[in-house]
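Colleague: Just a sequence and a predicted model for now, questions to come.
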Amino acid sequence: MNLAKIIAAKELKGYFASPAAYIVLVIFLLLGGWFFASPLFLSNTSDLRSLFGIVPIIYLFFIPAVTMNLISREKSTGTLETMATFPINETQIIMGKFWASLCLIGIGLLFTLIHLITIMLLGTNIDYGAIFCGYIGLILLGALYSSIGLFTSSISNNPIVAFIISFFIVFFLFIIQYSLFFIPPFLAGFFQYISSGYHFDNISRGVIDTRNLIYFISGTALFLRLSITLLETRKWK
């Protein structure tokens, strides 16, 4: 069995061995459910646009909380040094932990399908293509934020510090699209492109553009590579 899969399974099991994962998932689902149900009762509209609008904001707190312990815990307890004595490399460690965090995000998204079932039962006209693209966008956004969380967890031995740094990075990437008015015009295009919210909004409208896919895939790969490099550097100190 691939060592990265073994690490991913161990981390995923570790998530559910403590109440933390359940608490985070319940909060995630309650917030998502609230913003889905509010338009349903207040304006008699039933679709998933409100859900796709709130989940990226929930991600700003949810994903840093999920990833803050992944490497910093290993560093603070000394188990990272123990792992270095096994026939396992840094890439397998990072990828295993990355897949574990992404699986937890996927579990959270899977539970939100109850909202899709709800609008199907209500007999609403459903744009399945837009919904599919919306979930693809959420998975890609979750992958990017998870890689950032892994990177910040690799920087510090303190999970709280890792959470704060991760939050500020993902918050910057999310909020920058709303701050373009304050940016000089010749830089606006660049800052718009690095905005995660801009690319997610494009996908969630129902059109998957290769430029948006390249942004998420390359961004995720960049932060995973940085995390691997940090672990490799630590080994040689």
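Modeller: That came in fine, so what should we check first?
Colleague: And the pLDDT at Phe86?
Modeller: In the predicted model, Phe86 carries a pLDDT score of 68.
Colleague: Tell me how far Phe28 lies from Tyr22.
Modeller: In this structure, Phe28 and Tyr22 are 11 Å apart, going by C-beta to C-beta, to the nearest Å. Using the backbone N, CA and C atoms, a C-beta is placed for each residue, glycine as well.
Colleague: now the helices for the protein?
Modeller: Remark: helices of the chain, listed N- to C-terminal, are 3-16, 19-42, 49-67, 72-77, 79-83, 90-111, 113-121, 128-155, 159-175, 185-193, 196-204, 210-235; assignment by DSSP state H.
Colleague: least trustworthy helix or strand in this protein by mean pLDDT?
Modeller: Among the helices and strands of the chain, helix 79-83 carries the lowest confidence by mean pLDDT, DSSP states H and E, at a mean of 65.
Colleague: one step back: redo the helices of the chain as a markdown table? Include mean neighbour count.
Modeller: Compiled in a markdown table, the helices of the chain are given as follows (neighbours: other C-beta atoms under 10 Å):
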| stretch | mean neighbour count |
| --- | --- |
| helix 3-16 | 16 |
| helix 19-42 | 15 |
| helix 49-67 | 21 |
| helix 72-77 | 18 |
| helix 79-83 | 14 |
| helix 90-111 | 21 |
| helix 113-121 | 14 |
| helix 128-155 | 23 |
| helix 159-175 | 18 |
| helix 185-193 | 11 |
| helix 196-204 | 22 |
| helix 210-235 | 16 |
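Colleague: Compare those helices and say which comes out lowest on pLDDT.
Modeller: Per-segment mean pLDDT for the helices of the chain reaches its minimum on helix 79-83, at a mean of 65.
Colleague: Check the gap between the most centrally placed residue in the chain and Ile217 for me.
Modeller: Of all residues in the chain, the one closest to the mean position by C-alpha atoms, centre = their mean is Gly142, 2.3 Å from it. Distance of Gly142 to Ile217, computed by C-beta to C-beta: 13 Å.
Colleague: And for Ala188?
Modeller: With distances taken as C-beta to C-beta, Ala188 is found 24 Å from Ile217.
Colleague: Just checking the distance from stretch 68-75 to the centre of its chain.
Modeller: Average the C-alpha atoms of stretch 68-75, do the same for its chain, and the two points are 17 Å apart (C-alpha atoms, centre = their mean, to the nearest Å).
Colleague: so how far does it reach from one end to the other?
Modeller: For stretch 68-75, the separation between the terminal residues is 12 Å (C-alpha to C-alpha, to the nearest Å).
Colleague: swap in stretch 56-76?
Modeller: Looking at stretch 56-76, the gap from its leading to its trailing residue is 30 Å under the measure C-alpha to C-alpha.
Colleague: Fine by me, we can end here.
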